[in-house]
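A.B. asks: Okay, sequence plus prediction incoming.
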Amino acid sequence: LQTGGSVTEDFIKSILAREKISSTDIDTIAVPHGNPDFVKETQLLIVRLPQLVDWGHGGVRIIFIFAISKEHFEKNFALFSSFYKRLARIDVRSKLKKIYEFEDGQFKKSLIHILTQ
C-alpha cells in the first residue's frame, strides 16, 4: 500500500499502534486498520498466508487491511462498518477456513462470493 502510494508511512505506524492497544484477530483472520488521515486512496489489501502466523490471541491465515481515506470514512462509514461486521460473522469465518488451500483464482472467486452474500 505504501509502495503503491495509497498510504503514507504514518498509516503503517498507526496500524502497529492500534494493534498494541488490542489485537484485531478473529479466529484465523486479522483485520488490522489504521488512521484514515494517512490514507491517500482507499484500498483493500488481502494477504493469504501459507501457514498460521501468531497474531495476539491466536494464529491467522488471512489478513484484511482496509485502508479507507478520511473522505470515504466520513461519507460512507456504513461500508467500513458493515465490512468488519460481515467478517466477524461465524458463518463467514467458517467458510473462509474452508478456502485457504484453494488455488489463487478459485480462492479469489470464493472470497468474493463469501463476502458479498
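C.D. replies: The structure has been received and is ready for your questions.
A.B. asks: if you go through this protein in chain order, where are the helices?
C.D. replies: 9-21, 70-75, 77-88, 90-98, 104-116 (DSSP state H).
A.B. asks: would you list those in a markdown table and tack on mean neighbour count?
C.D. replies: Placement of C-beta: from N, CA and C, glycine included. As requested, those are arranged in a markdown table below (neighbours: other Cβ atoms under 10 Å):
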| stretch | mean neighbour count |
| --- | --- |
| helix 9-21 | 14 |
| helix 70-75 | 13 |
| helix 77-88 | 13 |
| helix 90-98 | 14 |
| helix 104-116 | 13 |
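A.B. asks: Next, format the ones you listed as CSV and append distance to Ile29.
C.D. replies: Shown next, in CSV, are the helices of the chain (distance: least, Cβ to Cβ, whole Å):
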stretch, distance to Ile29
helix 9-21, 14
helix 70-75, 21
helix 77-88, 6
helix 90-98, 6
helix 104-116, 11
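A.B. asks: So for Ile62, which of those helices sits nearest?
C.D. replies: helix 90-98 (6.1 Å; Cβ to Cβ).
A.B. asks: sorry, back to before: and the helices of the chain: which comes nearest Gly34?
C.D. replies: helix 9-21 (3.7 Å).
A.B. asks: quick one: contacts of the longest strand seen in the chain?
C.D. replies: When the chain is parsed with DSSP state E, its longest strand is strand 43-54. For strand 43-54, the surrounding residues in contact (Cβ atoms under 8 Å, 6 or more residues apart in numbering) are 1, 4, 6-7, 28, 58-67, 100, 107, 111.
A.B. asks: Could you dump the helices of the chain into TSV and include mean pLDDT and distance to Arg48?
C.D. replies: Formatted as TSV, the helices of the chain follow (pLDDT from 0 to 100; distance: least, Cβ to Cβ, whole Å):
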stretch	mean pLDDT	distance to Arg48
helix 9-21	93	18
helix 70-75	89	25
helix 77-88	78	14
helix 90-98	78	10
helix 104-116	82	7
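A.B. asks: Look up the closest residue to the residue most central in space within the chain, ignoring the ones flanking it.
C.D. replies: Centroid-nearest residue in the chain, with Cα atoms, centre = their mean: Phe64, separated by 1.6 Å. Of all residues not flanking Phe64 in the chain, Val31 sits nearest, at 5.0 Å (Cβ to Cβ, 6 or more residues apart in numbering).
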